[in-house]
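Novice: sequence plus the predicted model coming up.
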Amino acid sequence: MHGLLSLSLMWILLTLPAGKPNQNASEAPGIVIWTTHALAKIRPASPPEKSRAVEIFAARNEFEPFQIVIQAQSEDLENVDVDISDLWSAGARISKDYAAIYLESFLNLRRPSSIEGDTGEFPDALIPRVDRYGRERRNAFPFRVNHGRNQPLWVEIYVPPSIPPGKYSGSAMISVDGVLRETVPITLNVWNFTLPSTSSFKTSFGFSGVSALKQHKGRDTINEEVYRLTYLYAKAALWHRVSIHGGTMEAPPFSHVDDRVQLDWKMYDQEVGSFLDGTVFAREDPLYGAKATSAELRLHPALNSDDAKTSYMKEWARHFRDKGWFDRLFYYVRDEPAPADYLQLAALARLAHRADPEMRNLVTAPFDRSLAEVIDIWVPLINCFEKKPGFANFCSRTVSRNTYEAEIQNGKELWWYQSCASHGCDIIGGDYFRGWPSYVIDAPAIANRITQWLAWKYRIGGELYYSMDEAFQRNVDPRTDVYMHGGNGDGTLFYPGRPEQIGGRSPIPIESIRLKLIREGLEDYEYLALLSKLGGGDFADERARRIVKTTYRWEHDPAIFYATRRELGEELSRISRASQAKPSVRVGAKNSRMKFSPPRTPRTLRISVTGP
């Protein structure tokens with residue numbers, strides 16, 4: 001993710017039903033159906049599991065995913081299709097319209113990202129049956145399953161905020177040539193709490209609308225199409241609880257009026273306004289009311305003096321205050337500066353503070369006393385946050401978490417970022433590169449999801465990631481190759497959905513499994529944050545410590561991971577029931593924000609795993 005609405009499907013308990021398996025399926029020759037959770041990357045030759053049913057757990061306003069895998073045993077299967085029924089409880093229904101079904105597309109990796117990775121086919125791009133943007137049926141369904149190969153499907157269910165808690169039942173129907181071949185039972189347990197639509201954990205992921213235009217239209221000039229594509233991709237990101245920076249990259253034009261810089265905000269506000277106001281999603285959409293958690297100040301390239309830059313920044317502060325957006329504005333002063341750049345960096349940062357003393361300057365660097373006066377948001381590299389044995393010189397500086405405490409107490413923020421340092425930059429990383437959180441394709445699925453658990457343990461306030469469409473800038477189709485900076489998918493969390501390839505009339509973002517897992521991690525964070533808000537902070541911290549030991553040592557077993565998440569959900573549900581007698585307590589109020597002081601023969605396979 002990310003997905004549809006906010007289903008807090010915490011533990012995807014993938015199950016074999018307690019009763020007999022579907023008789024039609026067991027008698028049908030040449031086809032094997034099985035199910036699994038979201039923390040498995042199903043490759044063409046992955047061995048079948050025994051689960052033939054799904055049981056998942058979610059909060060309201062959460063997406064929860066699971067996977068259905070189809071294997072053709074004796075011959076190729078043509079015209080295979082899948083649909084989902086409504087899910088029913090006593091007197092309540094979750095419409096099938098809140099379920100999304102995707103065909104998992106394989107990418108053939110020619111080089112591993114690191115010693116943890118591999119070559120060969122990996123699933124990543126998710127082609128929707130019906131897309132969430134234009135509600136168009138795309139051409140991935142019905143599909144073909146080649147003999148002897150797995151074809152995984154990604155299914156996510158969104159739980160609307162108004163749905164009563166309880167157990168909901170439905171099914172997935174698999175047909176071949178229009179004939180029903182298998183029915184997969186689905187049980188969705190909805191907990192008695194609601195996740196906020198706006199993320200409690202701040203994010204700022206880079207995105208280039210110009211690169212998107214290049215992949216969709218073969219051009220890279222700024223025009224109305226850039227704005228349309230940027231809107232679509234930013235909407236896709238926010239549906240996965242992620243806020244972007246970059247976008248069209250167009251700064252508001254300016255003019256000089258009476259010795260003052262005057263900005264024309266029309267196009268900028270059209271681009272970002274609905275994301276900052278929380279009006280980008282319609283009332284019937286999942287995550288209705290979600291707001292972006294960050295926005296970067298864009299300096300116009302024609303500003304040719306410090307005074308002009310200061311005046312320009314002052315107008316940003318004024319406009320954002322007038323709009324009620326100022327708390328999310330930051331100035332990205334410099335990316336990964338070398339110490340030799342610090343003097344120039346500090347000068348730029350002082351211009352921002354001269355424009356407005358409350359302007360928040362951000363730098364992707366560890367704390368340095370020489371910059372303490374001018375930096376408001378410290379964003380160190382996650383791999384250099386604490387020392388890992390085995391590569392003594394990898395980090396030029398490692399600054400401990402405790403060092404930031406005084407900065408945070410003074411109102412500053414601590415974020416972090418990850419990069420090719422998680423897998424090895426432009427190399428196939430060796431033993432030192434095991435165990436890091438990572439957003440590459442051939443990393444373990446849990447590595448794509450763990451960052452937000454780490455952030456909870458270390459009391460990190462936000463995450464910056466350099467790009468979501470890095471590979472779009474090349475003259476190569478990202479659907480065939482996203483190897484960059486030594487990693488498969490490094491900086492590329494989307495694929496271009498072109499109508500000539502996926503059907504339909506309009507271009508759309510194609511989401512990756514990794515983006516879905518990032519959303520899962522952000523939803524995990526909401527469980528921890530809600531518990532803390534409701535007085536269960538010690539419980540949340542203890543469960544987080546069960547999963548996370550250090551930034552490079554954390555739980556890799558999906559069974560333990562999902563079991564822990566389910567404990568969080570059950571405790572939250574219990575506290576929420578108790579709090580309902582207290583009208584002053586609102587559990588998971590929409591857009592609630594948190595501030596912390598640092599300090600999912602027949603049998604049931606129960607694995608805590610969540611899905612979209």
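Specialist: Nice, I can see it.
Novice: from Pro161, how far out is the spatially closest residue to His300 that is not a sequence neighbour?
Specialist: Closest residue to His300 apart from its sequence neighbours, by C-beta to C-beta, 6 or more residues apart in numbering: Ala251 at 4.2 Å. Quick note: C-beta positions are derived from backbone N, CA and C, even for glycine. Computed with C-beta to C-beta, to the nearest Å, the distance linking Ala251 and Pro161 is 37 Å.
Novice: ok, Met313 next?
Specialist: According to C-beta to C-beta, Met313 stands 39 Å off from Pro161.
Novice: now for Asp269: which residues touch it?
Specialist: Counting by C-beta atoms under 8 Å, 6 or more residues apart in numbering, Asp269 touches Lys323.
Novice: now for Gly218, how many residues are close by?
Specialist: The number of residues packed near Gly218 is 8, by other C-beta atoms under 10 Å.
Novice: hmm, I was thinking of Tyr342
Specialist: Residue crowding around Tyr342 was assessed by other C-beta under 10 Å; the count is 17.
Novice: buried residues in the host helix or strand of it?
Specialist: When elements are assigned from DSSP states H and E, Tyr342 belongs to helix 342-355. Neighbour-count burial for helix 342-355, counted by 16 or more other C-beta atoms under 10 Å, picks out Tyr342, Leu345, Ala346, Leu348, Ala349, Leu351, Ala352, His353, Ala355.
Novice: ok, how many other residues are close to Arg553?
Specialist: Using other C-beta under 10 Å, Arg553 has 12 other residues around it.
Novice: nearest spatial neighbour of it, chain-adjacent residues omitted?
Specialist: Arg553's closest residue in space is Gly435 (C-beta to C-beta, 6+ apart), at 6.0 Å.
Novice: what's the helix holding Tyr342 packed up against?
Specialist: If you count contacts as 3 or more C-beta pairs under 8 Å, 6 or more residues apart in numbering; DSSP states H and E, helix 342-355 packs onto helix 306-323, strand 329-334, strand 361-363.
Novice: where in this protein is the helix or strand with the lowest mean pLDDT?
Specialist: Counting by mean pLDDT, DSSP states H and E, the weakest-scoring helix or strand in the chain turns out to be strand 9-15, with a mean of 35.
Novice: same list (the buried residues of helix 342-355) but as CSV, adding distance to Arg519.
Specialist: Shown next, in CSV, are the buried residues of helix 342-355 (distance: C-beta to C-beta, whole Å):
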residue, distance to Arg519
Tyr342, 36
Leu345, 33
Ala346, 37
Leu348, 34
Ala349, 33
Leu351, 36
Ala352, 32
His353, 35
Ala355, 35
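Novice: looking at the residues you listed, which two lie furthest apart in space?
Specialist: Tyr342 and Ala355 (20.5 Å; C-beta to C-beta).
Novice: contacting residues around the residue nearest to Arg553?
Specialist: Residues in contact with Gly435 (C-beta under 8 Å, 6+ apart) are Glu116, Tyr552, Arg553, Trp554.
Novice: Arg334 too?
Specialist: Arg334 sits next to Asp341, Leu345, Leu348, Val363, Thr364, Ala365 when contact means C-beta under 8 Å, 6+ apart.
Novice: I'd guessed the fifth one sits against Tyr417; true?
Specialist: I take that to be Thr364. Yes. Counting by C-beta atoms under 8 Å, Tyr417 is a contact partner of Thr364 at 5.7 Å.
Novice: shared neighbours of those two, anything?
Specialist: Common neighbours of Thr364 and Tyr417 (C-beta under 8 Å, 6+ apart) are Val379, Pro380, Leu381, Leu464.
Novice: was I right to think Ala282 contacts Gly289?
Specialist: No. With contacts counted by C-beta under 8 Å, Ala282 stays clear of Gly289, the gap being 10.4 Å.
Novice: compare the two (neighbour count), which wins?
Specialist: Neighbours were counted for Ala282 and for Gly289 using other C-beta under 10 Å; Gly289 has more, 18 against 7.
Novice: distance check, the more buried one against Leu522.
Specialist: 16 Å.
Novice: can you check Val363 too?
Specialist: Using C-beta to C-beta, we find Val363 at a distance of 24 Å from Leu522.
Novice: hang on, the residue nearest to His300 in a helix?
Specialist: No. Ala251 is assigned coil when assessed by DSSP: H, G, I helix; E, B strand; the rest coil, not a helix.
Novice: residue contacts, it?
Specialist: Neighbour list for Ala251: Tyr268, Arg298, Leu299, His300, Pro301 [criterion: C-beta under 8 Å, 6+ apart].
Novice: farthest pair in those?
Specialist: With C-beta to C-beta as the measure, no two of those lie farther apart than Tyr268 and Pro301, at 14.9 Å.
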